[in-house]
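Participant: generate coordinates for the sequence data below:
(chains A, B, C, D, E and F)
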There are 4 protein chains.
Amino acid sequence: MRPRDAEATKDRILMAAREEFALAGLGGARIDKIAAAADANKQMIYHYFGSKDGLFTAALEAEYAQFRAAEAALDLERLDPIEALIKQVTFTWRYYLDFPGFIGLVNSANLHKARHLETSADFQQINRPFLLRMRKIIARGVSSGQFRDDIDPVQLQITIAAGGYHYLNNRFTGTIVYERDLMSAKALRDRLAFNVKAILRLVCTPGTLAKMEKVSCTA
Amino acid sequence: MRPRDAEATKDRILMAAREEFALAGLGGARIDKIAAAADANKQMIYHYFGSKDGLFTAALEAEYAQFRAAEAALDLERLDPIEALIKQVTFTWRYYLDFPGFIGLVNSANLHKARHLETSADFQQINRPFLLRMRKIIARGVSSGQFRDDIDPVQLQITIAAGGYHYLNNRFTGTIVYERDLMSAKALRDRLAFNVKAILRLVCTPGTLAKMEKVSCTA
Amino acid sequence: MRPRDAEATKDRILMAAREEFALAGLGGARIDKIAAAADANKQMIYHYFGSKDGLFTAALEAEYAQFRAAEAALDLERLDPIEALIKQVTFTWRYYLDFPGFIGLVNSANLHKARHLETSADFQQINRPFLLRMRKIIARGVSSGQFRDDIDPVQLQITIAAGGYHYLNNRFTGTIVYERDLMSAKALRDRLAFNVKAILRLVCTPGTLAKMEKVSCTA
Amino acid sequence: MRPRDAEATKDRILMAAREEFALAGLGGARIDKIAAAADANKQMIYHYFGSKDGLFTAALEAEYAQFRAAEAALDLERLDPIEALIKQVTFTWRYYLDFPGFIGLVNSANLHKARHLETSADFQQINRPFLLRMRKIIARGVSSGQFRDDIDPVQLQITIAAGGYHYLNNRFTGTIVYERDLMSAKALRDRLAFNVKAILRLVCTPGTLAKMEKVSCTA
DNA sequence: TATGAATGAGTGTTCATTCAT
DNA sequence: AATGAATGAACACTCATTCAT
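Facilitator: This next block holds a predicted model:
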């Protein structure tokens, strides 16, 4: 007999849901499987989350909250703009790798036109700070002469995400299309290096790039 | 009474399937709905495609075949390397926009670990030519001194795709996260311009970039 | 509102299944019909029995278990060997008549090469005692000089069953082929008498038979 | 292109139907499979036999006709009554073994209460001669003093059939129940011998039996 | 005579959800 | 808080049968 710990049960359900939704999508996920994986009763899911969609919304929010929390912990404000940029690219990549559920859940959310986030009031508040940080980094880089002044933070952020997200999201078809193992340790290292390179060449001024290339040829 | 045209029926089913699978995913798609949309009998689906998975495989292959055919029609070989690159980026973007089903189907395929393509013998043959073309463009750009020599064609191709695919795939969550309409005409124009810019800065040598920026500020 | 009694629901399903399977065979039986007859929900069948085949296996095992239990209750050990034999023949015949589902289920099981019993571990244990009893009766009859010593218990048992089973199993074609109502009360009485006669003449020694025929002409 | 031979097509369908119905039962048989096995078009089945039930009726009648024809060829009239009886038992057993489809079809017919034979006008005519022959054999045996005079031909015929039919029909459950391979060459030989023994002891007078046992111990 | 396309009613099975305790 | 029984709508898939040529 498990102790009647409401919060713990809710948490176990949420963790199980994040995994199942990520693996199978919203439509493919099974309430029974989530309940079993959470070692909980099916009715508990309805008690705590109301419905399958409610559970998906909660899972999605939790996924984003964790991502943003990890991002906030990077403390990019104290770094040199270029280092901050590199760190952001690296972090994003690593996070996708370490928490593959994120991509799965976001995909599912978009398949359903993000309707699960429409009613979520505090969702935007979770995301706001991270854009502000990016904005500040760019501003600092521009005023220091390291960054070009034609970089839109939103476009940059999307591009940073894209380089990792798309590679990993489509790793299965990609492996076949490109006839190359995209998930070997070396392939992953190469991809990160390429992403960093692409972002730096996009953002940095020619002079800064020239200096950097004298120092290292990897970037 | 419709004429008894096997090929036509098969085609109508395939078209309906591509749309339904793209919109709802493999799991969410309904055989009944596809049959109704194709104005065909459900059994015809099983007669021609064997199963839901068989139909999905056929839809996916058709989707890729169409994409590669359109790509081949670009005739990039005859263009200047830089123009070829720009055209490739532009084409990819426009294709995703014009045929949104492609992204949906590829996503679904990856959600199922691309198992639908494993048995497809001729799938790789469909994709091979397009990588060869990219390889040649890069080689020409490098030998003409326009392109840097550290660009892996596969990484470049993935990056070109990523800039468009990821933006459009996640347009719904993106619209909320970035608090910005990502699908307005202007937003779409901006995104394409940004993608082109990112790719050129990644690939072109500093000298080439400098010359280009004197001429036009859009790139 | 029916009380929520799992065991009762399971039992009702099993009873309905035995009847439906016996009447229509495994292939011809309809899950819907069984559910309706059991006044239960279709899903309950899958909840308790897993599948149509699982339900069939359960029905078949229940059918055999009931048969063997009734047989064990005969208490043949305490009877004279000849009386035990007669009682066994009579019981078998009456059981087939009273529970016509047995024949139907066994036929279906054999149509499917008894694959439903292959995994059933305890099925042989249900059947073992009854063969042991037959063996003992024969042994007693042989040592008392009443029975011949060339009777294999298995062959005898099959022959006892055959005389009733085949007559009843094929009563419909038989009625047409023999142009005679095989199911009238008199016909049934006659058949039992004939079966008893056939078994006794097969098993008993000539001397024993001679004595018996002086007493009664029916045997 | 096959030559348009109506009779041949019809025959191939009928042969395929007999096999499929025997193996799978009426309900389990598939029109598609029969058509494929007959290397014929599905529509041909409906053209020649009207419906699945019509085809089953035809298959069943053909099965019986073949059985009775083989039986008639035995020419029992010219044999000694005892030899005729032995030959009849042996023939029946061998026929069941050589044409296992017979048992399958008859079982299916009885599962459906022989409704497929109700309309069949000439079915009884096919069966009548064989009963007459049996009647004559018994009469000859009685008047020669070899046979007892209390043997009903119908009961005897059913019993002769039962000993083989039931053994073979239930060979799958039997193998499990009796924990013995019922289908090995030796088992089949033993069964036939047992059946012959049972019938002779049932039918022959004690004196005749005594004489026979001096000569041979197999009967 | 023969063919393959087409149909609609079903068939076993699954699923999210609710009820009763 | 927690459980297991119960529900009904749907789902992928099948089948005997008919149509058009």
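Participant: all contacts plus neighbour counts: C-alpha atoms, from now on.
Facilitator: Will do.
Participant: tally of neighbours for the closest residue in space to residue A:97 that isn't next to it in sequence?
Facilitator: Nearest non-adjacent residue to residue A:97, counting by CA to CA, 6 or more residues apart in numbering or on different chains: residue A:168, 7.9 Å away. When neighbours are defined as other CA atoms under 10 Å in any protein chain shown, residue A:168 has 20 of them.
Participant: now the one 5 residues further on
Facilitator: Per other CA under 10 Å, the neighbour tally for residue A:173 reads 22.
Participant: for it, which three-state class applies?
Facilitator: helix (DSSP: H, G, I helix; E, B strand; the rest coil).
Participant: if I look at it, how far off is chain C?
Facilitator: 36 Å (CA to the nearest CA, to the nearest Å).
Participant: please apply the same query to residue A:80.
Facilitator: For residue A:80, the distance to chain C - CA to the nearest CA - is 62 Å.
Participant: near that residue, how many other residues are there?
Facilitator: Neighbours of residue A:80 using other CA under 10 Å come to 15.
Participant: and for residue A:162?
Facilitator: Residue A:162: 27 neighbours (other CA under 10 Å).
Participant: contacting residues around the helix or strand hosting it?
Facilitator: Using DSSP states H and E, residue A:162 falls within helix A:153-169. Identification of contacts with helix A:153-169 by CA atoms under 8 Å, 6 or more residues apart in numbering or on different chains yields A:89, A:92-93, A:96-97, A:103-104, A:131, A:134-135, A:138, A:174, A:192, A:195, A:199, B:107, B:110, B:158-159, B:162-163, B:165-167, B:178, B:191, B:194.
Participant: buried members of those residues into ChimeraX, please.
Facilitator: Buried members of these, defined by 16 or more other CA atoms under 10 Å in any protein chain shown, are picked up in ChimeraX with:
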select /A:89,92,93,96,97,103,104,134,135,138,174,192,195,199 /B:107,110,158,159,162,163,165,166,167,178,191,194
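Participant: in stretch A:81-92, which residues are buried?
Facilitator: A:81-82, A:84-90, A:92.
Participant: how is chain A divided into domains?
Facilitator: A:1-50, A:60-218 (automatic domain parsing).
Participant: rounded mean pLDDT for the last one, please.
Facilitator: Spelled out, it's domain A:60-218. When pLDDT is averaged over domain A:60-218, the result is 94.
Participant: are that domain and DNA strand E in contact anywhere?
Facilitator: No - counting by CA under 7 Å from any atom of the strand, DNA strand E is not contacted by domain A:60-218; separation bottoms out at 13.2 Å.
Participant: just the CA coordinates for the helix holding residue A:162, please, in PDB.
Facilitator: Taking Å, rounded to 0.1, in the frame of the first residue of the first chain, the C-alpha atoms of helix A:153-169 are listed here in PDB:
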ATOM      1  CA  PRO A 153      16.700  38.500 -31.900                       C
ATOM      2  CA  VAL A 154      13.600  36.400 -32.700                       C
ATOM      3  CA  GLN A 155      15.000  35.300 -36.000                       C
ATOM      4  CA  LEU A 156      18.300  34.500 -34.400                       C
ATOM      5  CA  GLN A 157      16.700  32.500 -31.600                       C
ATOM      6  CA  ILE A 158      14.600  30.500 -34.100                       C
ATOM      7  CA  THR A 159      17.700  29.800 -36.200                       C
ATOM      8  CA  ILE A 160      19.700  28.700 -33.200                       C
ATOM      9  CA  ALA A 161      16.900  26.300 -32.200                       C
ATOM     10  CA  ALA A 162      16.400  25.200 -35.800                       C
ATOM     11  CA  GLY A 163      19.900  24.000 -36.300                       C
ATOM     12  CA  GLY A 164      19.600  21.500 -33.400                       C
ATOM     13  CA  TYR A 165      15.800  20.800 -33.400                       C
ATOM     14  CA  HIS A 166      15.500  19.900 -37.000                       C
ATOM     15  CA  TYR A 167      18.600  17.800 -37.100                       C
ATOM     16  CA  LEU A 168      17.400  15.700 -34.100                       C
ATOM     17  CA  ASN A 169      13.700  15.700 -35.000                       C
END
